[in-house]
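S.K.: My questions concern the predicted model and sequence given below.
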Amino acid sequence: MHCGLGNEIIDGFLKALQLIFSGDQTIVEISVRSILVSSSAVMLSALWGLPVATLLGLKRFPGRFLAKGFFNAMLGIPTVALGLILYLFFSNAGPVGFLRLLYSPTAMIIGQAILVTPITVSFITSAIESVDPEIKDLAKTLGASETEASIAVLRESMSGVVLAITASFNRAIAELGVVLMVGGNIAGFTSVLTTTIALETNKGEIALAIALAIILLLIVSALTLVVNMFQRRMTYYFRGE
Amino acid sequence: MSSIIELENISKTYGNNTVLKQVSLKIQEGQVFSLLGPNGSGKTTLLRIIAGIEKPTSGEMRFKSAKVDEGNIDQVRLETTMVFQKTALFSTSVYKNIAYGLRLRGYSKRETDEKIKGVLKTVRLEGYEKRPAKKLSGGEQQRVALARALALDTDILLLDEPTANIDPKNVSIIEDVLSWVNKEKKTTMVIATHNMFQAETLAKRAALMLEGKIVKVGAPQEIFTLPSKLLASYARLENVFSGFSKVTCEGTSLVDVGDGLQIEAAFEKTGNVTVFVRPEDIILSSNPIVSSARNSFEGRIMEISDVEPIVKLKVRAGKDFIVQITKKSFIEMRLNIDSRVFLAFKASSIQTI
């Protein structure tokens, strides 16, 4: 029994490598869709997350503490719970059902963007807060307006922003709950790496599942590695640390 | 000469803490104005208000006769710049640090390159363009900050203790640059400083601030020789000691100022006193001093600041004393950091606050 399962794994692994190196069409298509959906989601979350984080990091206003607490609490939101909420929203009976977005890549992008927004906002807020408070004043004394000075602070916290974007992308591409609930894993349309891995494993197509899992791990590790190298160089060069 | 900045009844309050109280001041175009006063007297806050990065709680500021408000604050910021006490630099190269303000003013790449080359030459950091700014020494960083401010050719240059935390060599370079800038470019400068030499050598006018108020405006010399000992001592802020005073049988008093140091003073007082001695009243020698002076201490030189034609020394003899001697004496005595020296001053040169 043990021996049989072992063989199955090794066999699956070898077939998986074969699939990857032969440039299997399904694998390429699913991987590309995964990357496109998740990077679009991250861009969308940055679009609204950056201004919110800049506001939370730089301005002092009533309710700021509560808002920061909310985003921190949402960091660990279960993806299935969020997926369910979004399903109810997008379904025909839901408040935005008329948009007919359910089971579409657009719904997946919006879902993942909402899922990673707490990461974008919390990480960037912390990065901005850790910038020397004199930087904003410095920019102003050099002639910057309020907005230009805020941009200067954001630029100083760039390594934190990059970290937030990376963490958001990794969370997005690796999550299953949201894309499954609002995407529906429709082959050739909404199937992505995580949903296909789950489906293929259930179907007993271990080789394809392993191949996709390897690709998922490679994407996440390669991105993290590149970002780490970039950050180390930036820190060493500019901060003298 | 017309006023470039006019402050009228400026007050600033943070919560329950009022740091500026009804400050009124006029600074003339092209003038070097120094703000003197102890820590917490409101000098930095006043500079920040002039720089347009802090709003006064009440009062009015006029820049070139126009009232400063939300409508023109961005313009005022373009014509004013400030060098901070704690050097603030962007985490990038020296070039990009200096280019920041120039870019905001719409300079072309060629103009920016030329300007940067020029100001780096002025602060004696030629060829430093590509260096990461935060990797330079403290003094060099402050020179980059100064170069960045000078590149903008603003009407007003505000300096908050620009030489407070740097070594004598860099202090002297910065002071040279500031003198040159005022002479050649006629830039109006407002310098907050503890350093009486800077105040005397650079500034034509000075204001003494105490607890958020301006208590005296005049030539620096006038402020240092104020009739009130309290104000004079605050203006100098040097060689001020507190301790318990006991009357001796000779009719003088011995003030125990701590760290094993007792200062003999020509007054009869018992109880806690604060006393001070002016740096120019202290005689410095490399050999033990035999004289009529009642106070004679051995110490070591901790810091040397070169402010032509005078050299200012910080000597640790139990407590730290600031002593000033001429450059000629300094060279003849071959003094250096950690040199053993002897200090002497008369009991009658000790004054109480």
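M.R.: Thanks, I have it. Treat the numbers as computed from the prediction; the structure is a model and nothing was measured. Residues are numbered from 1 along each chain as shown, chains lettered A, B, ... in the order given.
S.K.: didn't residue B:99 look like it was pressed against residue B:117?
M.R.: No: Residue B:99 lies out of contact with residue B:117 (Cβ atoms under 8 Å); the separation is 11.7 Å. (Each C-beta comes from the backbone N, C-alpha and C, glycine too.)
S.K.: Which one's more surrounded, these two?
M.R.: Regarding residue B:99 and residue B:117, a neighbour count based on other Cβ atoms under 10 Å in any protein chain shown identifies residue B:99 as having more, with 22 against 15.
S.K.: With adjacent residues omitted, what lies nearest to the more buried one?
M.R.: residue B:112 (5.3 Å; Cβ to Cβ, 6 or more residues apart in numbering or on different chains).
S.K.: mind listing what's buried in the helix or strand in which that neighbour is found?
M.R.: Assigned by DSSP states H and E, residue B:112 falls within helix B:109-122. Residues B:112, B:115, B:116, B:119, B:120, B:122 are the ones in helix B:109-122 that count as buried (16 or more other Cβ atoms under 10 Å in any protein chain shown).
S.K.: For residue 144, list the residues it contacts.
M.R.: Unless you meant another one, I'm taking chain A. Going by Cβ atoms under 8 Å, 6 or more residues apart in numbering or on different chains, residue A:144 touches A:152, B:77, B:104.
S.K.: Not quite, go with chain B.
M.R.: Contacts of residue B:144 by Cβ under 8 Å, 6+ apart are B:87, B:89, B:94, B:97, B:98, B:123, B:125, B:128, B:133, B:136.
S.K.: Now a ChimeraX select for only the buried ones of the residues you listed.
M.R.: Selection of buried members from the contacts of residue B:144 for ChimeraX, criterion 16+ other Cβ under 10 Å:
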select /B:87,89,94,97,98,123,125,128,133,136
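S.K.: among the contacts of residue B:144, which two are most distant?
M.R.: B:87 and B:128 (14.6 Å; Cβ to Cβ).
S.K.: SS state for residue B:312?
M.R.: Secondary structure assignment for residue B:312 (DSSP: H, G, I helix; E, B strand; the rest coil): strand.
S.K.: Verify the stated contact: it with residue B:279.
M.R.: Yes: at 7.2 Å, residue B:312 counts as touching residue B:279 under the criterion of Cβ under 8 Å.
S.K.: Now neighbour count, pLDDT and distance to residue B:59 too, for the contacts of residue A:144, in CSV please.
M.R.: Shown next, in CSV, are the contacts of residue A:144 (neighbours: other Cβ atoms under 10 Å in any protein chain shown; pLDDT from 0 to 100; distance: Cβ to Cβ, whole Å):
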residue, neighbour count, pLDDT, distance to residue B:59
A:152, 20, 93, 29
B:77, 25, 89, 19
B:104, 18, 93, 28
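S.K.: quick one: which of the residues you listed is nearest to residue A:175?
M.R.: Looking across the contacts of residue A:144 and measuring by Cβ to Cβ, the closest to residue A:175 is residue A:152, at 34.2 Å.
S.K.: Checking that closest one next. Helix, strand or coil?
M.R.: helix.
S.K.: Skipping its backbone neighbours, what lies nearest it in space?
M.R.: residue A:139 (3.9 Å).
S.K.: near chain A, which residues of chain B show up?
M.R.: Counting by Cβ under 8 Å from any Cβ of the partner chain, chain B comes close to chain A at B:48, B:51-53, B:74, B:77-78, B:80-82, B:84, B:86, B:88, B:90-93, B:100-101, B:104-105, B:132, B:134-135, B:148-149, B:152, B:158.
S.K.: For PyMOL, what selects the buried ones among those residues?
M.R.: Remark: buried members of the residues of chain B next to chain A, expressed as a PyMOL selection using 16+ other Cβ under 10 Å:
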select buried, chain B and resi 48+51+52+53+77+78+80+81+82+84+88+90+91+92+93+100+101+104+132+134+135+148+149+152+158
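S.K.: Return the subset of the residues of chain B next to chain A lying in helices.
M.R.: Judged by DSSP state H, those include B:48, B:51, B:74, B:77, B:78, B:100, B:101, B:104, B:148, B:149 as members of helices.
S.K.: Export the residues you listed to CSV and append columns for distance to residue A:124.
M.R.: Conversion of those to CSV gives the following (distance: Cβ to Cβ, whole Å):
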residue, distance to residue A:124
B:48, 27
B:51, 28
B:74, 26
B:77, 26
B:78, 29
B:100, 22
B:101, 26
B:104, 24
B:148, 27
B:149, 30
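S.K.: if we take those residues, which one ends up nearest to residue A:193?
M.R.: residue B:100 (42.9 Å).
S.K.: ok, the closest one touching residue A:141?
M.R.: No: the pair residue B:100 / residue A:141 is not scored as a contact, 10.7 Å apart, by Cβ under 8 Å.
S.K.: what kind of secondary structure is the most centrally placed residue in chain A in?
M.R.: Nearest to the mean C-alpha position of chain A, by Cα atoms, centre = their mean, lies residue A:169 at 2.6 Å. Following three-state DSSP, the label given to residue A:169 is helix.
S.K.: roughly how far apart are residue B:49 and residue B:61?
M.R.: Per Cβ to Cβ, to the nearest Å, residue B:49 is found 7 Å from residue B:61.
S.K.: who does the least confident helix or strand in chain A by mean pLDDT touch, helix- and strand-wise?
M.R.: Ranking every helix and strand in chain A by mean pLDDT, DSSP states H and E puts helix A:2-21 at the bottom, with a mean of 78. Applying 3 or more Cβ pairs under 8 Å, 6 or more residues apart in numbering or on different chains; DSSP states H and E, one finds that helix A:2-21 makes contact with helix A:206-234.
S.K.: So which residues on chain A come close to chain B?
M.R.: So far as Cβ under 8 Å from any Cβ goes, chain A lies against chain B at A:132, A:134-135, A:137-145, A:148, A:152, A:155-156, A:237-240.
S.K.: Check whichever residue of the stretch 151-300 of chain B sits closest to chain A and give its pLDDT.
M.R.: Using Cβ to the nearest Cβ, the single residue of the stretch 151-300 of chain B nearest to chain A is residue B:152, 6.9 Å away. We have a pLDDT of 95 for residue B:152.
S.K.: Likewise for residue A:240?
M.R.: 43.
S.K.: where does stretch A:79-90 sit relative to the chain's centre, distance-wise?
M.R.: 17 Å (Cα atoms, centre = their mean, to the nearest Å).
S.K.: For that stretch, buried residues please.
M.R.: For stretch A:79-90, using 16+ other Cβ under 10 Å, the buried residues are A:79, A:82, A:83, A:85, A:86, A:87, A:89, A:90.
S.K.: Tell me the one of those nearest residue B:266?
M.R.: Looking across the buried residues of stretch A:79-90 and measuring by Cβ to Cβ, the closest to residue B:266 is residue A:82, at 82.3 Å.
S.K.: which ones are touching that closest one?
M.R.: Residue A:82 touches A:111, A:114, A:115, A:177, A:178, counting by Cβ under 8 Å, 6+ apart.
S.K.: ok, the nearest residue to residue A:154 once chain neighbours are set aside - contacts?
M.R.: Closest residue in space to residue A:154, ignoring its immediate chain neighbours: residue A:54 at 6.1 Å, by Cβ to Cβ, 6+ apart. When contacts are counted by Cβ under 8 Å, 6+ apart, residue A:54 touches A:124, A:128, A:150, A:153, A:154.
S.K.: quick one: the helix holding residue B:112 to chain centroid distance?
M.R.: 28 Å.
S.K.: For the nearest residue to residue B:338 once chain neighbours are set aside, list the residues it contacts.
M.R.: Nearest residue to residue B:338, sequence neighbours excluded (Cβ to Cβ, 6+ apart): residue B:300, at 5.5 Å. The contact partners of residue B:300, by Cβ under 8 Å, 6+ apart, come to B:315, B:316, B:317, B:338, B:339, B:340, B:341.
S.K.: and if you look at residue A:166?
M.R.: So residue A:166 contacts A:223, A:224, A:227 (Cβ under 8 Å, 6+ apart).
S.K.: Reformat those residues as CSV; add pLDDT.
M.R.: As requested, the contacts of residue A:166 are exported to CSV (pLDDT from 0 to 100):
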residue, pLDDT
A:223, 93
A:224, 92
A:227, 90
